[in-house]
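**Student:** just the structure for this:
(one chain, ligands or ions: 1)
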Amino acid sequence: MSKLAPVSIRISAPKGVYDVIGADTVRWDDLETRFFETAATWGYPRVRIPVFEHTELFVRSVGEATDIVRKEMYTFSDRGDRSLTLRPEGTAGMVRCFVEHSLDQAGLPWKAAYGGPMFRAENVQRGRYRQFHQFGVEAIGVDDPALDVEVIALGWAFLRHLGLVELTLLVNTIGRPEERARYVEVLADHVRKAVPGLDPDDEERLELNPLRVLDSRDPRVVEALATGPRLRDVLGDESRSHFGAVLDGLDAAGIPYEVDDTLVRGLDYYTSTTFEYASGTLDSAQNALGGGGHYDGLVEMCGGPPLPGIGFALGVERILIACESEGILAEVRGTVDVIVLHVGETAVPARRIAAELREAGVRTDVVFGNRSLKAQFKQADRSGARVAVVVGERDMERGVVTLRDLDTGEQSEATLDSVRQEIEEVIGS
Ligand code: AMP
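**Tutor:** Residues are numbered from 1 along each chain as shown. Now for the predicted structure:
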């Protein structure tokens, strides 16, 4: 039987996922490093939690009636027929981790930061993907409005220090579950009366998760809500005073905010304070760079003690889009500073020079294959390096190499002993 050649098929990445390449990777890593440095400075060291968990964790915590659980989770059965889900968000896993390791024993609040890929089967558009990345923090175990303020302030400080200015902090309180239950009855009644013939999406929201009707984009609903009952008006004393203390704390910290009565956020576990960092540079449907809130029952629901928590998550992709729109993305030159070229039988000394530069921490590349000097210079230009070191046979006999400044085209000679120092002078400038 003749052997068939393998069929060549080009397989592209699934919809809603993407690759991070070149300068984007540098910016991405830099953003992540800055986030975890900021978090650590505020006393929130990083923990690493798994990318998948038991499906039940998300169903119970995020909530059965939420869009995430109903429509967006990547759920699969493993070989032992257990139902697992790629994490759609980080808080549930953080709380599970807190409970599983009895981290309340080490003193409260437990404060920690996390980050990584999250997965939701959403309608893909700019700023909305199926694998996206978040980093965030959680502070679990102490019921103090000052802790809400600290968490909100940490996210705000991080975003401001990136240089973002078109930022708005939105805050709200959604009260306690029993206050919300009273409110949603009045709300549903009001919306149904004010808007006959609700669109099916809003009707479904009223049925399953009535608070979400506050996110409606139907102008008739938006108008009805403007004159409708407000959650804030039905809150009890405790909820009011907690929210008042949060706002006072933000005032004292000099952080500007807007109270947004419609900010409910889509996850069931939130109680009391909710907040969002919105960017003025993004489309309104995707303008949240991140958000979070306070949760009261989640730790207990995950089998732990009845402790409250507060946290937020920021979206890496959206932050990068906002930085680009505000023109503050860092300039990234090539991924190396120096490239070593060789002419004639000098590959070995060229590699040695490259090795010494790398040993000294200089980002250095070399040329492979048997290429003409012209082709090597072309590659040098493409590489984005600042300096090319040309190692020629005759130069080597004299113990020198040629340095070419790839920006100006200027050339100079350097002895083998001084190559490193001269290069560091150019790239350090
Ligand atoms: P959430 O967990 O839904 O509160 O989202 C927090 C932040 O994560 C949002 O403000 C976005 O910046 C980001 N985010 C959420 N979903 C997506 C997505 N599908 N694609 C990209 N970023 C997202």
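**Student:** spell out which parts of the chain neighbour the ligand.
**Tutor:** Residues of the chain found near the ligand (Cβ under 6 Å from any ligand atom) are 89, 120, 122, 127-129, 132, 134, 265, 288-291, 313, 315, 317-318. Quick note: C-beta positions are derived from backbone N, CA and C, even for glycine.
**Student:** taking the residues you listed one by one, which sit in helices?
**Tutor:** With DSSP state H as the criterion, helices contain 317, 318 from among these.
**Student:** residue 406 touches residue 380, doesn't it?
**Tutor:** Yes: counting by Cβ atoms under 8 Å, residue 406 does reach residue 380; the two are 6.1 Å apart.
**Student:** give me the common contacts of those two.
**Tutor:** residue 388 (Cβ atoms under 8 Å, 6 or more residues apart in numbering).
**Student:** the two: who's more crowded?
**Tutor:** residue 380 (24 against 20; other Cβ atoms under 10 Å).
**Student:** residues near the closest residue to the ligand within the stretch 201-350 of the chain, how many?
**Tutor:** The stretch 201-350 of the chain approaches the ligand most closely through residue 315 (2.1 Å), counting by Cβ to the nearest ligand atom. Other residues near residue 315 come to 24 when the count uses other Cβ under 10 Å.
**Student:** SS state for residue 156?
**Tutor:** helix (DSSP: H, G, I helix; E, B strand; the rest coil).
**Student:** report the buried members of the residues of the chain next to the ligand.
**Tutor:** When those are checked for burial by 16 or more other Cβ atoms under 10 Å, the buried set is 89, 120, 122, 127-129, 132, 134, 265, 288-291, 313, 315, 317-318.
**Student:** tell me the buried residues in stretch 218-237?
**Tutor:** 218, 220, 221, 224, 225, 228, 229, 231, 232, 235.
**Student:** please name the residues that touch residue 264.
**Tutor:** Contacts of residue 264 by Cβ under 8 Å, 6+ apart are 172, 174, 211, 212, 214, 215, 270, 274.
**Student:** circling back: cross the residues of the chain next to the ligand against strands and list the overlap.
**Tutor:** 132, 134, 288, 289, 290, 291, 313, 315 (DSSP state E).
**Student:** most widely separated two among those residues?
**Tutor:** In these, the most distant members under the criterion Cβ to Cβ are 132 and 291, with 14.1 Å between them.
**Student:** would you map out the domains in this protein?
**Tutor:** 23-175+235-325, 338-427 (automatic domain parsing).
**Student:** tabulate those (CSV), appending distance to residue 188.
**Tutor:** Below are the domains of the chain laid out as CSV (distance: least, Cβ to Cβ, whole Å):
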stretch, distance to residue 188
domain 23-175+235-325, 14
domain 338-427, 58
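**Student:** who's in contact with the closest residue to the ligand within the stretch 1-150 of the chain?
**Tutor:** Closest to the ligand within the stretch 1-150 of the chain is residue 132: 3.3 Å, counting by Cβ to the nearest ligand atom. Contacts for residue 132 (Cβ under 8 Å, 6+ apart) come out as 117, 118, 120, 315, 316, 317.
**Student:** 6 Å instead, please
**Tutor:** By Cβ atoms under 6 Å, 6 or more residues apart in numbering, the residues touching residue 132 are 118, 317.
**Student:** so what's it scoring on pLDDT?
**Tutor:** Looking at residue 132, its pLDDT is 98.
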